[in-house]
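Colleague: A structural model of the following input is requested.
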Amino acid sequence: MTDLPTFESGFSTPEMGEVFSAAATVEAFLEFEAGLALALADAGLAPPGEAEAVAASCRQPVADPERILAATWERGTPIIALEEEIGGRLASDSDRRWFHYGATTQDAVDTGHMIQARAALVVLDDLLVGVARRMRDLAEEFRDQPQIGRTFLQQARPTTFGLRAAAWLDEVLGHIEKLREERLRLRVQLGGSAGNMAAYGGAATEVLLALARELDLQAPDIAWHSNRSPVFDLAHAVASSAHTMEKVAVDIALLAQSEVAEITVRPGGSSSMPEKRNPIDAIRGRAAAEACKGFAAMITTSPAHELDRGVGAWHLEWLAIPMLFQSAAAAVEAVDGCLASLEVDTATMDSRVDPGDLESLRAIDPRQMNRVFARFDRVVLSQ
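Modeller: This is a model prediction of the structure:
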């Protein structure tokens, strides 16, 4: 059986693919289960030695994570197969009792997704910071380079290429900040069979807080089994960053087209016309961004989850969340490739601007770009 989920390489990156591999997915479930066992001990419900035995067993990888995930559609949940495997490692029934105690599959899967999202957001942050650095360099180098502005795809008044790059940069910095905020908001899921943590009795709050500490995630006020706002907010933030990558990719493709030729980027070949210079990185960036927005829509436009557990709409997230992050990473990586190879034809840009209009460029307030540069220093260099 192939690793789940699979994805065409142009719509993912190796680093992001690893975050959502079958092995990493099952490892995230086990991190939840280990944290829960230790939280039960912290709250005084489980004997510390038995809880540590469970946690130690959960820290060991499973031999066949693909089998664990495939069991979902044969047995109804991956946790049944996982419980059997971990249970076989434990020496006694008293130890086994504390594996998954009081929890339900959704607790393990939702928290597992938050653990994976945390790692994925770090990967995405690194990619976006790399793009921001390239944009900052372009904005500085071509700060005063005249370029004809284009509104509704028609020539307008002149601007500068540096200002255009600074506008891209400002958007990217906003996404970096937003995604960092989302990373800090990631929360555990713990509700049990009906979402009320009844199995823990009066110690429920202590278990929840201890679990949050163990996993370094936020503790919610109440289980969010059928409240998908945390996932919706995350999907929107990730897809918004991909949307900006699409805007940059399209701008680059337009400026690099034969009739404009104000910039050049690394060309892709043509099977029928060897002389063509197709902007392959921009093409990939737009395609991946569109895919990302589609996966986000799978989450945000899915049916409301019925009562205390969603019928199918929740399971759809198991596909959409990994693909959301993978396609977003691909979009950013592709735009980074565009920017890395981008060369500005200053003579062509100059030729498009009427010398009589150059005076208008002096009216551009330099503080606009200075504010963006200051924001770059704050968001990127101060980290």
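Colleague: and E84, how many neighbours does it have?
Modeller: Residues near E84, counting by other Cβ atoms under 10 Å, number 12. Bear in mind the C-beta positions are built from the backbone N, C-alpha and C, glycine included.
Colleague: Are we agreed that it is in a helix?
Modeller: Yes - E84 sits within a helix when classified using DSSP: H, G, I helix; E, B strand; the rest coil.
Colleague: Which helix runs longest in the protein?
Modeller: Looking across the chain with DSSP state H, the single longest helix is helix 105-141.
Colleague: Next, the buried residues of that one.
Modeller: Residues 105-121, 123-125, 127-136, 138-139 are the ones in helix 105-141 that count as buried (16 or more other Cβ atoms under 10 Å).
Colleague: residues in contact with R228?
Modeller: 299, 302, 305, 310, 314, 317 (Cβ atoms under 8 Å, 6 or more residues apart in numbering).
Colleague: so the third one sits right up against H225, yeah?
Modeller: In other words, H305. Yes - using Cβ atoms under 8 Å, H305 is in contact with H225, at 7.4 Å.
Colleague: more neighbours, these two?
Modeller: Higher neighbour count among H305 and H225: H225, with 23 against 17, using other Cβ under 10 Å.
Colleague: Tell me, how many residues neighbour the residue nearest to the more buried one when sequence neighbours are not counted?
Modeller: Nearest residue to H225, sequence neighbours excluded (Cβ to Cβ, 6 or more residues apart in numbering): G195, at 4.6 Å. Residues contacting G195 under the criterion other Cβ under 10 Å number 21.
Colleague: got the contacts of R228 as TSV, with secondary structure and pLDDT columns?
Modeller: Supplementary listing: these in TSV, determined by DSSP: H, G, I helix; E, B strand; the rest coil; pLDDT from 0 to 100:
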residue	secondary structure	pLDDT
I299	helix	95
S302	coil	92
H305	coil	93
G310	coil	90
W314	helix	93
E317	helix	95
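Colleague: Adding distance to Q145 as columns, could you present these in a markdown table?
Modeller: Output for these, formatted as a markdown table (distance: Cβ to Cβ, whole Å):
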| residue | distance to Q145 |
| --- | --- |
| I299 | 41 |
| S302 | 46 |
| H305 | 52 |
| G310 | 53 |
| W314 | 51 |
| E317 | 46 |
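Colleague: Looking at the residues you listed, which one is closest to V19?
Modeller: Nearest to V19 among the contacts of R228: E317, at 15.7 Å, using Cβ to Cβ.
Colleague: Report all helices and strands that the longest helix of the chain contacts.
Modeller: Where contact means 3 or more Cβ pairs under 8 Å, 6 or more residues apart in numbering; DSSP states H and E, helix 105-141 is packed against helix 14-19, helix 22-42, helix 78-89, helix 161-185, helix 229-256, helix 313-341, helix 367-376.
Colleague: That'll do, ta.
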